[in-house]
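*Asks:* Following is a predicted model, sequence given first.
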Amino acid sequence: MRLILLGAPGAGKGTVAKLLTKLDGSVQISTGDILRGAVAAGTELGLKAKAAMNSGGLVSDDLIMGIMAERLQQPDCAKGFLLDGFPRTIPQAEALKILLAKLGIKLDFTVEIDVPRAVILDRLTTRRTCSNSSCQAIYNTKSNPTKVNGICDKCGSPTIQREDETEAAISKRLDTYDAMTAPLVGFYKKEGNLLTVSATDSNVVVKAIQDKLAG
Ligand code: AP5
C-alpha cells in the first residue's frame with residue numbers, strides 16, 4: 001500500500017504505521033524518526049534540524065524534500081510505503097505530487113487520523129520512545145507500557161521522553177499543526193483522495209484503511 005498518514009502530533013500516526021507494516025511489508029517512512037536519527041548521530045542534517053524540532057517548529061521544506069526524494073527511491077519502497085509526518089505543509093504536498101509523478105508512483109489515498117485534543121495531550125505527556133535510533137519503538141506509560149520499566153521490549157535500550165515533549169514544545173507543535181499542516185486535509189479532500197477516520201483505537205483506524213483498500 002502507498003499511503004499518507006495525516007494527523008496532529010500524538011494522533012497515533014507512528015503507531016498505526018507500525019501496525020500497517022505488518023500487513024504487507026510496506027515500509028514506514030517517518031520524517032520525524034529520520035530527523036531524530038540524524039540529531040542523535042550529530043550529522044549535518046541533525047545540526048540543521050535540532051533547534052526547530054526541539055522548539056516544536058518545522059524543519060525547512062527544502063531539507064525535507066531532499067530527504068524524501070532520496071528515500072522514496074530506495075529499493076525497500078517497492079513493496080509500498082506509509083508516509084508518517086510527511087507532507088506537513090502545502091509546499092511539501094505540492095512538491096510530493098510532482099516527485100511521485102516523476103517517479104511514476106501512484107498513491108492509494110491519504111488518511112486523516114482524527115483524535116480529540118484532550119486525548120492527544122494525555123498521550124504526548126505519557127509517551128516513551130526507544131532511545132536506539134535504529135529502533136525508535138513507541139510506548140505509553142498508560143496504554144502500552146514496556147514489560148520492564150524504562151527498557152525497550154524489542155532491543156533492550158533505555159526508553160526516553162522525546163526532547164520535544166516539554167509542555168511548551170507540545171503546545172507549539174499543536175499550534176504549528178493547526179497553522180501549517182491542518183490545511184492539507186482540504187488539499188487532499190480537493191484531490192478526492194482522503195479517508196478521515198475519527199477513532200482513538202488504532203485497530204479501528206487500520207480496519208478502516210483495509211476496508212478502503214479492499215474497495
Ligand atoms: P514527528 O516525529 O512526525 O512528530 P509528530 O507529528 O508531532 O507526531 P508524533 O510522533 O508526536 O505522534 P504520532 O501521531 O506518530 O503518535 P504516536 O503513534 O507516537 O515530528 C517531530 C518533529 O520533526 C516535528 O515537530 C518537526 O520539527 C520535524 N519534522 C518531522 N517531519 C517534518 C516535515 N515533513 N516537515 C518539517 N518538519 C518535520 O502516539 C503517541 C502516543 O500515544 C504514544 O505513546 C502511543 O503509544 C500512544 N497511542 C497511540 N495510539 C494510541 C491508541 N490508539 N490508544 C492509546 N494510546 C495510543
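*Replies:* Nice, thanks for sending it over. Numbers count the residues shown, from 1 in each chain.

*Asks:* Please count neighbours and contacts with C-alpha atoms only from this point.
*Replies:* Fine.

*Asks:* average model confidence for the helix or strand hosting residue 66?
*Replies:* Taking DSSP states H and E as the criterion, residue 66 maps to helix 61-71. For helix 61-71, the mean pLDDT works out to 96.

*Asks:* which helices and strands does that helix pack with?
*Replies:* helix 90-103 (3 or more C-alpha pairs under 8 Å, 6 or more residues apart in numbering; DSSP states H and E).

*Asks:* Mind doing that once more with 10 Å?
*Replies:* For helix 61-71, the helices and strands in contact under the criterion 3 or more C-alpha pairs under 10 Å, 6 or more residues apart in numbering; DSSP states H and E are strand 27-30, helix 31-41, helix 44-55, helix 90-103.

*Asks:* Please identify the deepest-packed of the ones you listed.
*Replies:* strand 27-30 (a mean of 20; mean count of other C-alpha atoms under 10 Å).

*Asks:* what sits up against it?
*Replies:* Strand 27-30 is contacted from outside by 1-5, 13-14, 16-21, 36, 68, 71-72, 76-86, using C-alpha atoms under 10 Å, 6 or more residues apart in numbering.

*Asks:* switch the cut-off to 7 Å
*Replies:* 17-18, 21, 76-77, 80-85 (C-alpha atoms under 7 Å, 6 or more residues apart in numbering).

*Asks:* If any of those are buried, give me the ChimeraX selection for them.
*Replies:* Selection of buried members from the contacts of strand 27-30 for ChimeraX, criterion 16 or more other C-alpha atoms under 10 Å:
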select :17,18,21,77,80,81,82,83,84,85
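
*Asks:* TSV please, covering the contacts of strand 27-30 and showing secondary structure and distance to the ligand.
*Replies:* Output for the contacts of strand 27-30, formatted as TSV (DSSP: H, G, I helix; E, B strand; the rest coil; distance: C-alpha to the nearest ligand atom, whole Å):
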residue	secondary structure	distance to the ligand
17	helix	8
18	helix	8
21	helix	13
76	helix	20
77	helix	18
80	coil	19
81	strand	15
82	strand	12
83	strand	9
84	strand	6
85	coil	4
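
*Asks:* List, one by one, the residues from this structure near the ligand.
*Replies:* 8-15, 31-33, 52-53, 56-60, 64, 85-88, 123-124, 126-128, 138-140, 143-144, 173, 200-202 (C-alpha under 6 Å from any ligand atom).

*Asks:* Drop anything exposed from those.
*Replies:* 8-15, 31, 33, 53, 56-59, 64, 85-88, 123-124, 126-128, 138-139, 173, 200, 202.

*Asks:* Out of the contacts of strand 27-30, which two sit at the greatest distance?
*Replies:* 76 and 85 (18.7 Å; C-alpha to C-alpha).

*Asks:* got the contact list for the most centrally placed residue in the chain?
*Replies:* Note on the chain: the residue nearest the mean C-alpha position is residue 84, at 2.8 Å, using C-alpha atoms, centre = their mean. Applying C-alpha under 7 Å, 6+ apart to residue 84 gives the contacts 4-5, 13-14, 28-31.

*Asks:* and if we set it to 8 Å?
*Replies:* By C-alpha atoms under 8 Å, 6 or more residues apart in numbering, the contact set of residue 84 is 4-6, 13-14, 17, 28-31.

*Asks:* The residue lying farthest from the centre of the chain: what's it in contact with?
*Replies:* Most distant residue from the mean C-alpha position of the chain: residue 148, 26.0 Å away (C-alpha atoms, centre = their mean). For residue 148, the contact set (C-alpha under 8 Å, 6+ apart) is empty.
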